[in-house]
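Enquirer: next one to model:
(one chain, ligands or ions: 1)
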Amino acid sequence: MPVEEFVAGWISGALGLVLGHPFDTVKVRLQTQTTYRGIFDCVVKTYRHESLLGFFKGMSFPIASIAVVNSVLFGVYSNTLLALTATSHQERRAQPPSYAHVFLAGCTGGFVQVYCLAPFDLIKVRLQNQTEPRARPGSPPPRYRGPVHCAVSICQEEGPRGLFRGAWALMLRDTPTLGIYFVTYEWLCRQSTPEGQSPSSASVLVAGGFAGIVSWAVATPLDVIKSRMQMAGLKHRVYRGVLDCMASSVRQEGLGVFFRGLTINSARAFPVNAVTFLSYEYLLRWWG
Ligand SMILES: CN(C)C(=N)NCCC[C@H](N)C(=O)O
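Expert: Model (predicted):
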C-alpha cells in the first residue's frame, strides 16, 4: 500500500487548517449560539472580548489530529482508487478513472475518516464555543482548560461514548460530501487540462477551492445539526437523534437554520482546499 498519499494528506491538511481556523471558529459560533447578528458582529465581538487569540481557540488539537484525519482521508481515497482501477496516482493522469470510481473512493475515504475525526471535532467545537477571555486573575476559569482537560471532562461527565457525540451526523455529512468533493476537483482539473497532462498550479488551486465550496455548501445543513448535537451534552439538552435535532431546530428557528454558517463556510472552504490540493499534488509529484 503506497504511504506517500498518507504523508502528503497530512502535510497538506495541516497547511489548510491553519489558514482556515479563524473562519471555522466564527462558523461554529454562528451555528451554535444565537447571540450574534451575523458574521461581522461575531468577528467584532470575538476580537473585542478575546483578542486575535479568540479566533485560534481549539486549534492545537486539530493540528495534531489532522495528521490522522487528512492522511486517512487522502490515503484511503487514493488506495481505494488503486484497488478499483489498478492505477497509481502518477498513472491516473494518462488513464483517468471514471467519475463513479472517484465518487466511490471519496465516499469510502469520508466514511473511514469519520472514526478518527469524531472525537477531535467534538473537542474542537466545545473549545471554540468557550467565549470567555483568556484567564485573568480573579475571573472564573473557562469550563475546559485545554483539549486534554476537555477530553477527560467529557469522559467523566458524559461517559466515554460522549466523545462520539454527533458522530452519526458527522458520518451522514461526510460520506456523500467527500464523494462530491473529489468528483468536483477531478472534473474541474480535467476541464482545464489537455488530455494526458498534469494540471497546472492555477488549475489545481481553482479546482481545489471550488471542490471545497461545493462540498461545504452541500454539507452545511448536516454540519449545523452535527455541531448542535455536539454541544447538546454540555447544555444538558438531549436530542433523541439526528431527526429530532433537525425537527426541533426547524421548529424553533425555521428552515433558515440549515443554512447557518453557509457564507463563512464557503469563504473558508476556498483558500483551505486550494492550499490543501496544491500542496498534496506537489508533494506527490516531488516524491513521484
Ligand atoms: C464538505 N467536507 C466535509 C469536506 N470537504 N471535507 C474535506 C475537508 C477538507 C478540509 N480539511 C476542510 O476542512 O475544508
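Enquirer: what's the helix ranked longest in the chain packed up against?
Expert: Looking only at the chain and at elements set by DSSP state H, the helix with the highest residue count is helix 201-232. Using 3 or more C-beta pairs under 8 Å, 6 or more residues apart in numbering; DSSP states H and E as the contact criterion, the elements in contact with helix 201-232 are helix 4-32, helix 99-128, helix 167-191, helix 242-253, helix 262-287. Where you see a C-beta, it was placed from the backbone N, CA and C, and this is true even at glycine.
Enquirer: flag whichever of those helices has the least confidence on average.
Expert: Per-segment confidence across these bottoms out at helix 4-32, which has a mean of 85 in mean pLDDT.
Enquirer: neighbouring contacts of stretch 27-46?
Expert: 25-26, 54-55, 124-125, 128-129, 131, 223-224, 227-228, 231, 260-261, 263-265, 268 (C-beta atoms under 8 Å, 6 or more residues apart in numbering).
Enquirer: may I see the buried residues of that stretch?
Expert: Buried residues in stretch 27-46, defined by neighbour count with 16 or more other C-beta atoms under 10 Å: 27, 28, 29, 30, 31, 32, 36, 39, 42, 43, 45, 46.
Enquirer: quick one: residue 220 and residue 263 touch, right?
Expert: No. At 9.7 Å, residue 220 and residue 263 do not qualify as touching, with contact defined as C-beta atoms under 8 Å.
Enquirer: so which of these two has more stuff around it?
Expert: The neighbour count for residue 220 versus residue 263, taken as other C-beta atoms under 10 Å, is higher for residue 220 (23 against 14).
Enquirer: give the buried residues for the longest helix of the chain.
Expert: If you call a residue buried by 16+ other C-beta under 10 Å, then helix 201-232 has these buried ones: 203-232.
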